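1. Show me the folded form of this:
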Amino acid sequence: MNRELSDEVIVVGAGVVGLTTAVVLAEAGRRVRVWARETGGRTTSAVAGALWWPYRIEPEALAGKWALASLVVYEELADRPEQTGVRLVEGVHGGLRLDTLGPWAARVPGLAETDEGLSARLPLIDMPVHLAWLRERLGRAGGTVEERVVTGLAEVPAPVVVNCTGLGARSLVPDPAVRPVRGQLVVVENPGITTWYTSEDEAEGGASAYFFPQPGGLLLGGTAEEDAWSPEPDPDIAAGIVARCAAVRPEIAGARVLEHRVGLRPYRSAVRLARELRPDGRVLVHNYGHGGAGVTVAWGCAREAAGLVDAGPAA
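-> Below you'll find the model as predicted:
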């Protein structure tokens with residue numbers, strides 16, 4: 001195999017994990033193409049609330065490591081929020097205590113217990129802007145994004161294929177261990193709220209209260225419905241979300257609704273970050289199953305996936 005061909009990598013999936021992985025590989029000198037059925041605003045990543053926090057992701061020890069590696073990157077990107085979509089914003093995790101978290105929490109700058117819960121200044125990412133910035137950065141490194149329908153990973157014609165298909169891995173691998181955890185959001189006109197908030201208490205069906213101030217409005221949540229596939233917003237669920245958030249900040253009750261969003265988080269009992277050497281000598285690297293924390297761990301997982309791409313045949 002000639003050197004030019006052996007350097008080629010096709011990343012399948014154009015969500016935040018796929019694009020970040022493609023950027024890391026391209027900037028390391030690989031010839032990278034991203035293939036995806038859906039790109040930009042049509043990806044699950046585009047509708048994420050996108051507060052940096054290891055939420056609904058396993059195993060916790062590895063997730064903490066990947067999250068901290070990503071945190072360093074996001075703190076740097078927050079110097080250019082208009083370009084990158086990343087800002088550092090103050091907020092509170094209501095009802096949460098440090099002793100309920102893993103060792104990673106001790107390394108989060110400024111994370112402190114208060115009467116309300118845990119306060120911190122964390123990255124909050126405007127996902128449409130961030131995804132566009134990742135794609136532009138990939139282009140500067142020589143990578144491309146192509147809209148393609150992939151029905152099987154074996155059909156992808158490259159010596160190295162990186163599987164970042166999220167929930168799509170359920171059928172493409174196939175891996176039935178990947179399951180949807182449905183999240184519904186309501187976007188309202190921001191009545192002047194500048195801090196984020198999350199509630200640790202979850203009711204039946206994963207209902208909770210959280211809000212994130214984004215440039216396009218205040219994002220209200222949320223839900224975490226396991227094995228729920230519907231992409232359509234439920235009006236009753238939306239009303240419950242608004243009511244729970246208004247119980248924390250009453251001014252939310254009268255805010256004009258701008259948009260309803262639904263995303264299916266690709267949950268797995270453990271993230272699959274692994275390398276396969278196929279019988280024909282090609283390499284397949286899996287990087288999926290990040291649950292509700294794809295944004296949070298994107299850079300840490302991308303670097304590990306890139307290391308697996310470069311590993312020797314015995315890996």
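2. Do a quick rundown of the helices in the chain.
-> 3-6, 16-27, 60-77, 81-84, 127-140, 169-172, 235-248, 294-309 (DSSP state H).
3. Next, the residues that contact the second one from outside, please.
-> Taking Cβ atoms under 8 Å, 6 or more residues apart in numbering as the criterion, the residues outside helix 16-27 that touch it are 9, 11-12, 32, 34, 36, 43, 45, 48, 127, 130-131, 134-135, 137-138, 141-143, 145, 162, 164-166, 287-288, 290, 294-295, 298-299, 301-303, 305-306, 309. (Glycine included, C-beta is placed from N, CA and C.)
4. State the mean pLDDT of it.
-> Taken as a whole, helix 16-27 has an average pLDDT of 98.
5. Please report phi then psi for the residue lying closest to Ile57 once chain neighbours are set aside.
-> On the basis of Cβ to Cβ, 6 or more residues apart in numbering, the spatially nearest residue to Ile57 that is not a chain neighbour turns out to be Ala293, at 3.9 Å. Ala293 adopts backbone torsions of phi -130, psi 30, taken as degrees, to the nearest 10.
6. I'd like to know how many residues surround Ala293.
-> Number of residues near Ala293 (other Cβ atoms under 10 Å) recorded here: 24.
7. and Val92, what are its bridge partners?
-> Beta-bridge partners for Val92, by DSSP bridges, are Ser119, Tyr197.
8. Roughly how far does it sit from Pro235?
-> Here the criterion is Cβ to Cβ, to the nearest Å. By it, Val92 lies 29 Å from Pro235.
9. who's more crowded, the two?
-> Val92 (19 against 9).
10. Check the closest residue to Trp66 other than its chain neighbours and give its pLDDT.
-> Leaving aside its sequence neighbours, Trp66 sits nearest to Gly300 (Cβ to Cβ, 6+ apart; 3.0 Å). If you check Gly300, the pLDDT there is 98.
11. What is the neighbour count of Gly300?
-> Neighbours of Gly300 (other Cβ under 10 Å): 23.
12. I'd say it and Gly64 touch.
-> No. Contact status for Gly300 versus Gly64: not in contact, 9.4 Å apart, counting by Cβ atoms under 8 Å.
13. wouldn't Trp53 be in contact with Leu122 here?
-> Yes. If you go by Cβ under 8 Å, Trp53 and Leu122 touch, sitting 6.8 Å apart.
14. Any regions of the stretch 1-150 of the chain where pLDDT drops low?
-> 1-6 (pLDDT under 70).
15. Check the stretch 151-300 of the chain too.
-> 204.
16. got the contact list for the residue nearest to Ile57?
-> Ala293 touches 53-57, 63, 67, counting by Cβ under 8 Å, 6+ apart.
17. What sits closest to Ala228 if chain neighbours are left out?
-> Take Ala228 and drop its neighbours on the chain: the residue closest to it by Cβ to Cβ, 6+ apart is Arg182, 3.8 Å away.
18. Bridging across strands, which residues link to that neighbour?
-> Glu225, Leu264.
19. Tell me, how many residues neighbour Arg303?
-> 18.
20. for the one 3 residues further on, same thing?
-> By other Cβ under 10 Å, 23 other residues sit near Ala306.
21. same question, Arg80
-> By other Cβ under 10 Å, neighbour count at Arg80 equals 11.
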